[in-house]
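In: I would like the atomic coordinates for the input below:
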Amino acid sequence: MDYILSIVILAGINMIAVLGLSIFTGFTGLFSLGHAAFVAVGAYTSAILTYYYYVPFYLALAAGAAAAGIVSLVIGVPTLRAKLRSDYFAIAILGFGEALRVILENLEITNGARGLPGIDGFTTMPVVLVCLAGGVLVARNFLRSRWGAACIAIREDPVAAEMAGVRLFRTRLLSLVVSAVYCGLSGGLLAHFLSFIQPVMFTLVQSTQLLAAVIAGGMGSISGPLIASFVFIGLPEALRVAQMWRLVAYGLLLVLIMVYRPQGLMGYSELSRFFRKNRNTEGRSRS
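Out: Residues are numbered from 1 along each chain as shown. Reported below is the predicted structural model:
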């Protein structure tokens with residue numbers, strides 16, 4: 001039961017990061033291959049604060065999320081102001097993520113490539129559930145707002161959205177900051193659950209897993225990426241007895257989803273009426 005509980009907690013932590021990336025990629029339409037960098041910023045910021053300076057856990061979580069948002073401005077302002085296309089932006093943020101990883105491997109306060117051990121294990125199931133529920137509620141309200149409608153309009157047609165009065169740079173930057181804050185919160189929870197972090201944990205592989213969950217779950221859905229994230233975390237662990245074949249099953253699942261459900265598991269729909277108004281907002285933006 002402890003093992004199953006740990007898998008559920010890890011899935012919940014990952015779902016928070018996927019939720020943030022869903023806002024940026026699924027609803028704003030910009031691909032990212034470097035959101036693991038924001039997870040790393042949140043993880044190291046919160047871990048350093050509690051490990052070295054004995055800052056209370058919840059304040060450290062908030063600081064990690066805020067730090068990730070601030071760092072997103074550093075990469076977001078020059079790249080988004082340059083109006084890079086989605087693929088070029090993905091490459092730019094990928095380079096930023098790799099550069100950040102190298103920096104973390106050479107800082108004394110992060111203990112370099114050896115990682116930071118002995119972090120207090122403050123992350124529990126209730127903490128993760130509260131953070132996830134709060135994250136879903138905030139994402140729902142954000143997408144129901146005029147800023148969310150502007151994000152969806154940009155995803156559908158940036159030129160038409162700009163002609164209608166939507167400020168592309170400001171809206172995209174806001175979406176990036178919001179998604180980075182989610183990832184920073186996820187990183188802080190991860191650090192205080194595993195009690196150990198090192199730079200090699202935050203590479204292109206993790207960014208790709210987050211992006212795969214968003215695409216497989218549905219680019220216009222909140223609940224879809226959450227379901228896909230939970231499946232992608234749970235399936236490899238459930239098939240761990242199969243050794244190398246569990247990774248084959250993981251890849252096969254992605255292929256099957258892309259072939260038979262190219263719009264994702266949920267497409268543009270949600271599980272309940274909780275998000276109905278969000279779908280109506282999307283329909284108005286399309287019209």
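
In: isn't L210 right up against L19?
Out: No: L210 lies out of contact with L19 (C-beta atoms under 8 Å); the separation is 10.0 Å. Backbone N, C-alpha and C define where each C-beta goes, glycine included.

In: which helices and strands does the helix or strand A43 falls within pack with?
Out: Here A43 sits within helix 36-52, counting by DSSP states H and E. On a contact count with 3 or more C-beta pairs under 8 Å, 6 or more residues apart in numbering; DSSP states H and E, helix 36-52 meets helix 57-81, helix 86-105, strand 116-117, helix 168-194, strand 196-197, helix 204-217.

In: Tell me the strands beside the third one, with direction?
Out: When pairs are called by DSSP bridges, strand 116-117 turns out to pair with strand 196-197 (antiparallel).

In: Centre of the chain to the strand it pairs with, how far?
Out: 19 Å (C-alpha atoms, centre = their mean, to the nearest Å).

In: Next: stretch 255-270.
Out: Relative to the chain's own centre, stretch 255-270 is displaced by 19 Å; criterion: C-alpha atoms, centre = their mean.

In: same deal with stretch 84-103?
Out: On C-alpha atoms, centre = their mean, the centre of stretch 84-103 falls 15 Å from the chain's centre.

In: Give me the buried positions along that stretch.
Out: Using 16 or more other C-beta atoms under 10 Å as the test for burial, stretch 84-103 gives 84, 89-90, 92-94, 96-98, 100-101.

In: Excluding its own residues, what touches it? List them.
Out: 29-37, 40-41, 71, 75, 79-80, 199-200, 202-204, 207 (C-beta atoms under 8 Å, 6 or more residues apart in numbering).

In: Ok, stretch 122-130 next?
Out: Applying C-beta under 8 Å, 6+ apart, the external contacts of stretch 122-130 come out as 5, 8-9, 12-13, 16, 50, 57, 189-190, 192-193.

In: Now with 6 Å, please.
Out: Residues from elsewhere that reach stretch 122-130 (C-beta atoms under 6 Å, 6 or more residues apart in numbering): 9, 12, 57, 189, 192-193.
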